[in-house]
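> no sequence on this one, just coordinates:
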């Protein structure tokens with residue numbers, strides 16, 4: 001405020017112009033604080049943006065489609081995004097980048113690993129507070145489920161995740177990353193009928209991005225070894 005007052009005096013601004021500048025500064029500060037709060041509540045493990053994603057490493061990935069998704073209209077339409085690909089190809093990077101873009105657009109976002117969400121759902125069931133957790137998650141415009149398929153689920157875990165995803169159907173968006181093709185999802189859910197019903201809901205209104213290529217982490221490891229040897 002002191003700085004704005006000095007600037008107003010130096011430039012002979014009217015009292016009205018000074019108040020307008022003061023109000024604009026307050027609005028900008030509130031927006032920045034709200035954005036920081038949304039990013040904190042999303043609980044991202046790391047911060048990743050599209051600017052740092054190497055699209056040239058995954059030639060089959062449609063960059064234009066990814067950039068369109070970053071505009072967030074799929075969230076307004078309550079559609080899902082599923083990123084399928086082998087280990088280390090940047091699925092989590094893209095999921096976080098799209099989610100951060102959503103936070104900056106004013107969307108409420110929450111990041112989970114698939115196993116982490118299942119653990120939280122089962123713990124809430126055991127403590128008889130599952131309704132409270134479900135109500136909290138229902139307020140999120142977008143929820144990320146990372147690493148679906150890394151470990152098989154228990155019967156109780158698979159059913160809890162199925163119930164959760166069903167509750168999101170046409171009510172809120174999901175971004176899911178997985179290393180498994182759809183035909184292999186039964187390996188982690190264990191039940192063919194449940195898997196089929198889940199896929200039917202998830203893929204009904206969905207953008208599916210295939211991300212097959214050489215692992216970013218593997219290539220980075222090779223570059224590091226080459227530097228050491230030279």
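Here it is on my side, so go on. Here the structure is a predicted model, which is why all the values come from computation and not from measurement.

> ok, residue 171 - how many residues close by?
Residue 171: 9 surrounding residues under other Cβ atoms under 10 Å. Placement of C-beta: from N, CA and C, glycine included.

> surely it meets residue 138?
Yes. Look at residue 171 against residue 138 with Cβ atoms under 8 Å: they come within range, at 7.1 Å.

> The protein: strands as residue ranges?
80-84, 109-113, 142-148, 173-178, 206-210 (DSSP state E).

> Those: which one's closest to residue 68?
Smallest distance to residue 68 across the strands of the chain (Cβ to Cβ): 9.0 Å, for strand 206-210.

> Quick check: can you name the pairing partners of the closest one and their directions?
strand 80-84 (parallel) (DSSP bridges).

> what is the rounded mean pLDDT of the partner strand?
Mean pLDDT, strand 80-84: 97.

> tell me the angle of that strand relative to strand 142-148?
Angle, strand 80-84 to strand 142-148, by axes from the mean of the first three to the mean of the last three Cα atoms, to 10 degrees: 20 degrees.

> give me the number of residues near the residue nearest to residue 181 when sequence neighbours are not counted?
Nearest non-adjacent residue to residue 181, counting by Cβ to Cβ, 6 or more residues apart in numbering: residue 84, 6.7 Å away. Using other Cβ under 10 Å, residue 84 has 20 neighbouring residues.

> so how far is stretch 84-93 off the chain centroid?
14 Å (Cα atoms, centre = their mean, to the nearest Å).

> in it, what's buried?
By neighbour count with 16 or more other Cβ atoms under 10 Å, stretch 84-93 contains the buried residues 84, 85, 88, 89, 90, 91, 92, 93.

> wait, the fifth one sits on residue 53?
Yes. Applying Cβ under 8 Å, one finds residue 90 in contact with residue 53, separated by 6.2 Å.

> Pull the contacting residues for residue 63.
residue 55 (Cβ atoms under 8 Å, 6 or more residues apart in numbering).

> Among the buried residues of stretch 84-93, find the lowest-pLDDT one for me.
For the buried residues of stretch 84-93, the least confident entry is residue 88, with 86.
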